[in-house]
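# Predicted model, plus sequence, below.
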Amino acid sequence: MTRIALFIIIFVSLLPLPVGAAETSEQAYQKARKSYYSLQNSSRKQMYRENWDRVISQFKGVYDHFPKTKRGGDSLFMCGKATSGLYGISRIAKDAERAVELFEQMAATYPKSNLADDALFQAGELLENNLGDPARAYLVYQRLVNRTPAGDMTGKAKLRLVALAEHAPIEKSPVVVVAPTVKADKDPSPETLVPGRSLTAIRYWSNPGYTRIVLDVSAEAQFSAHYLAPEVAGNVPPRIYVDIEKTALDEALMEPKVVDDGLLRQIRTGLPVPETVRVVLDLDSIGDYKVFPLSDPCRIVIDISGDKSVELKRREPEIRTLPKSDRDAIAKVLNDVPKDQPPLHLPAAPLSPTLRRIVVDAGHGGKDPGAVGPSKVLEKDVTLKLAKQLAQELRTLLHCEVILTRSSDVYLPLEERTAIANKVDADLFISLHANANKNRTAYGIETYYLNFSKNNKAAAVAARENGTSLKQVSDLEMILFDLMANSKINESSRLATEIQKTLVKQVSRQYSNVRDLGVRQGPFYVLLGATMPSVLVETGFLSNPREEKRLVSKAFQKSAAKAIAMAVKNYAVSNKLIASK
C-alpha cells in the first residue's frame, strides 16, 4: 500500500459519518452515541481534537436530519456535552463558549425536552466555573428556574441563585417559581369571587434545617410565590413571599411573628395592593423550597430546607389564628385537643448509628373518624392501636427512636403529620390506615408510596384518604411533578415492596383468605413533602365484616406490627442502614 493510499484512508476515516438515508433517528443517534462512549473509554483518543470533532459532527448530523424528533433534541444536547468534554482537554475558552451556545440553543429549541433543564444547568456551570462570568450564569440559572420549574435541575439552580445573589440584575426582579393554584374552567372575576374569603391562620413547624409553613385560607384562591435574593449592601436577608389574590387579611394576623430558629427569622403579612394578601418569610439561609396548595380545607403549604446542618431541639409547632368565632374551624379544632395531651418528645439517642428515628402515623383521629365498619368500628381507633403496637415492635427489634404523630384521639391535619417527620429529621415515615369500599366483599392488603396514580382504584383510595374528590386528586397530580424532586420515590418504593411482601406472608400464616393487592402509587396528602422514604399501609378493609373483626383483634394487630417491623429491618439491612447481625 502506498503512502498516498494510506493517507487517503486515514483522512476519510476522520470525516464525519454521514447519516444514511434509510436510517431512522434512533439508529443514527445510537451510532453517534456509540462513537461518543468509545471516545470516553480511551484517554489516548481524547488527546486529539479531530476525534472530538468527529463525534460532535455525528450528533450534529442527527440533529440536522431529524430536527423534529426527540432524538434531534437529544443529539443537540450531546453536541454541547461533547464540546464541553473537548474543552476539558483543550482548556480553550472558545470551546467552552461554543458548548454554552449549544446548550442554550438546545433548551430554546426543545423547551419541553427533559434535557432542557440539564442543558441550561451545564451552561450555567461553564459560565460560572470556567468562563468567569457569574452575572451571565445567574441569568441562565434564573431562566432554568422560570422555564422548567418541574425539572430535576431546578433545586440545584435555586442553590446557585442563592450563591450568586450578589451578581443578580440591578433591578432584582423576583423569580416566580410556582404557578398559581390549579385554575378552574374560567379565571376568577369580581362576579365569581367568594364573598368574605380571607387568610384565617398561619401555622408552622420549624427547626434550623427545615420549616413547613401552612397558610389557611377560607376558600380556594389564586396565588403566586416569589423568591428575592439577599441584598448584601443593605443587609437584607433572602425572602420568599406569597401573594394571595382577592383575599382579606384580618388585623389579628398583621403583627410580625418572630421565629428565629436559624432558618426562618420571621413571618410578616401585609396588603401590597387592595385585596391581595402578601405573606413574607424573612430567612437566615435557604437551600431549597416548595410551595403547593391543598384542598378541603383550602391551604397553601410552603416547605423550606436550609443550607445548615439540622440541630434537633424541642420546639412545639406554633399556631396563630383569628379570634374565636362559631365559623372559625381552626379554633374549633384546637379546642378539641385534650388539655393533657403529651407534648412531642424526642427520646434519648438511638443505639443504631444510621437508622436513628422512625415516625409512625396513626391515620385520622379526633373529628376525622376515617372509615366506619359494619359494626361501627372506627378507622381512627384501629390505626391508633396498631401504631402503638408497631412503635413497640420497632423499638424492640431495631433499638431506634420511634415517634408517634398522635398518641391519643386527637385531630391532626394531614400536612402536620409529614411536617412532624421532617421536623425531627426522621429516617422513615410510615402512615397506617384501614381501607374501605362500597362493595363489602372487597378485601386485602395494599401498600402505597407517593407518585401519580396508575389506575382509578388507586386514585379513589387517595381521594378517600385525602378527604377530597377524584377531581381534586386529578388537579393535585398536575402540580405533583415539582413536589417529587426530593421525595425519595425509589427508596419509598423499595420500602413499600418489603412491607407489602412481609405483611402478607406473616398474616397468611395465621389467617385464611388473605389477598395480596400489591404495591401501588398515588398522590396522598399525608406523604407530600416528606424528605425521607415514606409509605402508606392499608392493613385491611374495615368495610369487610371478616376483616373488620381481624382489625380490632389484638392478635392481628400484634401480628401485623411484627411483620411491618421485620420488613423495616429487612429494608434497613438491604440498604446498609443497620448491620445484618
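That came through, no problem.
# For residue 299, give the beta-bridge partners.
residue 216, residue 294 (DSSP bridges).
# Run a quick neighbour tally on it.
20 (other Cβ atoms under 10 Å). For the C-beta atoms, the positions are set from N, CA and C on the backbone; glycine is no exception.
# With residue 212 as the reference, measure out to it.
Distance, residue 299 to residue 212, by Cβ to Cβ, to the nearest Å: 11 Å.
# Please list all residues in contact with residue 305.
Residue 305 makes contact with 209, 210, 286, 287, 288, 289, 531, according to Cβ atoms under 8 Å, 6 or more residues apart in numbering.
# Dump these to a markdown table, plus pLDDT, distance to residue 418 and secondary structure.
Compiled in a markdown table, these are given as follows (pLDDT from 0 to 100; distance: Cβ to Cβ, whole Å; DSSP: H, G, I helix; E, B strand; the rest coil):
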| residue | pLDDT | distance to residue 418 | secondary structure |
| --- | --- | --- | --- |
| 209 | 81 | 15 | coil |
| 210 | 83 | 11 | strand |
| 286 | 84 | 20 | coil |
| 287 | 81 | 18 | coil |
| 288 | 79 | 16 | strand |
| 289 | 83 | 15 | strand |
| 531 | 82 | 9 | coil |
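# From those residues, pick the one nearest residue 55.
If you rank the contacts of residue 305 by distance to residue 55 using Cβ to Cβ, residue 288 comes first, at 35.2 Å.
# Just give the nearest non-adjacent residue to that closest one, would you?
residue 155 (4.7 Å; Cβ to Cβ, 6 or more residues apart in numbering).
# Need phi/psi at that neighbour.
Backbone torsions for residue 155, taken as degrees, to the nearest 10, come to phi -60, psi -40.
# is it true that it touches residue 286?
No. Using Cβ atoms under 8 Å as the test, residue 155 is too far from residue 286 to be in contact (11.2 Å).
# Those two: who's more crowded?
residue 286 (24 against 17).
# need the strands for the stretch 401-550 of the chain, in chain order.
In the stretch 401-550 of the chain, the strands defined using DSSP state E, counting those that start in this stretch lie at 401-404, 428-435, 445-450, 516-522, 534-541.
# Need the ones you listed in a markdown table (columns: mean pLDDT and mean neighbour count).
Shown next, in a markdown table, are those (pLDDT from 0 to 100; neighbours: other Cβ atoms under 10 Å):
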| stretch | mean pLDDT | mean neighbour count |
| --- | --- | --- |
| strand 401-404 | 94 | 22 |
| strand 428-435 | 93 | 27 |
| strand 445-450 | 89 | 26 |
| strand 516-522 | 87 | 19 |
| strand 534-541 | 92 | 28 |
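# Ok, which of those strands comes nearest residue 33?
Of those, nearest to residue 33 by Cβ to Cβ is strand 516-522, at 31.2 Å.
# what's the nearest residue to residue 97 if we skip its chain neighbours?
In space, and not counting its chain neighbours, residue 97 is closest to residue 131: 6.9 Å by Cβ to Cβ, 6+ apart.
# Need the pLDDT of the one you found.
At residue 131, the pLDDT value in this model is 91.
# Would you confirm that it contacts residue 100?
Yes. Using Cβ under 8 Å, residue 131 is in contact with residue 100, at 7.4 Å.
# Have a look at the two and say which one is more surrounded.
Neighbour count, other Cβ under 10 Å: between residue 131 and residue 100, residue 100 has more, with 28 against 17.
# avg pLDDT for the helix or strand harbouring the more buried one?
Per DSSP states H and E: residue 100 is located in helix 93-109. Averaged across helix 93-109, the pLDDT comes to 91.
# quick one: the next helix or strand after that helix to chain centroid distance?
Downstream of helix 93-109, the next assigned helix or strand under DSSP H and E is helix 116-125. Taking Cα atoms, centre = their mean, to the nearest Å, one finds the center of helix 116-125 at 21 Å from the center of the full chain.
# Would you mind listing the outside residues contacting helix 116-125?
The contact list for helix 116-125 (Cβ under 8 Å, 6+ apart) reads 77, 80-81, 84, 99-100, 103-104, 106-107, 110, 137, 140-141, 143-144, 147-148, 151-154, 156-157, 160.
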